[in-house]
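K.L.:
Quick one, what's the 3D model for this:
(one chain, ligands or ions: 1)
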Amino acid sequence: MTGQNTRTGKVAVFADREAATRHLADWLLQEALAKKDEPFSIALSGGSTPQLLYSMMASEPYASRFPWARMEFFLGDDRFLAHDHEDSNSGMLQRLLFSRVPVPAENVHLIPTAGTAEDAAKEYDAELKKFYGADTLQPGKPLFDVNLLGLGSDGHTASLFPGQPVLKERTAWVSTCVPPVAPYTRLTMTYPAIDASRHVVFLVEGASKRETVAKVRAQDPACPASAITAMGDLTWVLDRDAAPADV
Ligand SMILES: O=C(O)[C@H](O)[C@@H](O)[C@H](O)[C@H](O)COP(=O)(O)O
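P.N.:
Modelled structure (predicted):
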């Protein structure tokens, strides 16, 4: 697999948020069906941007077409909060998607919240390794089929925030992060886990993100998202407002 990065990845621009989201839903459906009887694994992003996608996947024509029984869902990151907290990504996904489709409960791998944040990171790290079937990543063997990422205006993705120790983590697959501005301790997949994806997709919308998209595509080192690569391909799915002038 020839890995792509944020500079070499393909850019797909759509007229508006609805069109970009529908394209992504169609593509995810195509990829899931292409796996035929094999599991289809996807790590999902939190935040507000992908919420339309999750609602769309749980509605027709997608709800009756996705092969839910063989889909495996993970979270790229979460805030270290009870899942019923209004700011929990797990809670958001439960509300918008998992409670509305027939995905088996054992296929929904939410980030744990018991004990300390460090305990939860170790537990989720172990869960990823159990799913993968090994404790070390092997060349050419992806951990996920798809890793869906968002982008913060400061260039963070998942909970890989600028200046944080987690950016140097190259062994653990899950770590904690205390973002400089956000009030919650976060749990996040690290670069090795995210990069071990067959497809990495950045879904970014809105004019407020345009400058950051340009920086990350230029691989500005100040933006943690710049260092993201994919084991296979990396794609930017943008609405017109988020698209830099050169795309
Ligand atoms: O938990 C989170 O918030 C996300 O994982 C985070 O990385 C998000 O993707 C960006 O902050 C963009 O968020 P918006 O889509 O809300 O702009």
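K.L.:
burial measure for Q138, as a count.
P.N.:
11 (other Cβ atoms under 10 Å). All C-beta atoms are positioned from the backbone trio N, CA, C, and that covers glycine.
K.L.:
sec struct for it, please.
P.N.:
Under DSSP: H, G, I helix; E, B strand; the rest coil, Q138 falls in the coil class.
K.L.:
Strands of the protein, start to end?
P.N.:
Assigned by DSSP state E, the chain shows strands spanning 10-14, 40-44, 71-75, 77-79, 108-109, 144-149, 174-177, 186-189, 197-204, 233-239.
K.L.:
The ligand contacts on the chain?
P.N.:
45-49, 76-77, 89, 150-152, 156-158 (Cβ under 6 Å from any ligand atom).
K.L.:
Any of those buried? List them.
P.N.:
45-47, 49, 76-77, 89, 150-152, 156-158 (16 or more other Cβ atoms under 10 Å).
K.L.:
returning to that earlier point: so which of the strands of the chain is the most packed in?
P.N.:
strand 186-189 (a mean of 29; mean count of other Cβ atoms under 10 Å).
K.L.:
next one: that one to chain centre, how far?
P.N.:
11 Å (Cα atoms, centre = their mean, to the nearest Å).
K.L.:
before we move on, what about stretch 137-155?
P.N.:
That offset, for stretch 137-155, works out to 6 Å (Cα atoms, centre = their mean).
K.L.:
Next, the distance between the ends of it.
P.N.:
Criterion Cα to Cα, to the nearest Å; first-to-last residue distance in stretch 137-155 is 26 Å.
K.L.:
okay, A114: pLDDT?
P.N.:
Looking at A114, its pLDDT stands at 87.
K.L.:
quick one on the thing from earlier: of the buried ones among the residues of the chain next to the ligand, closest to T2?
P.N.:
T157 (21.6 Å; Cβ to Cβ).
K.L.:
In this structure that closest one contacts I228, no?
P.N.:
Yes. Between T157 and I228 a contact is recorded at 6.3 Å, counting by Cβ atoms under 8 Å.
K.L.:
Overlap in contacts, those two.
P.N.:
Residues touching both T157 and I228 by Cβ atoms under 8 Å, 6 or more residues apart in numbering: L149, I194.
K.L.:
and the residue of this protein nearest the ligand?
P.N.:
The minimum distance from the chain to the ligand, using Cβ to the nearest ligand atom, falls at G150 (2.2 Å).
K.L.:
Go ahead and confirm that residue touches G206.
P.N.:
No. Using Cβ under 8 Å, G150 makes no contact with G206, being 11.0 Å away.
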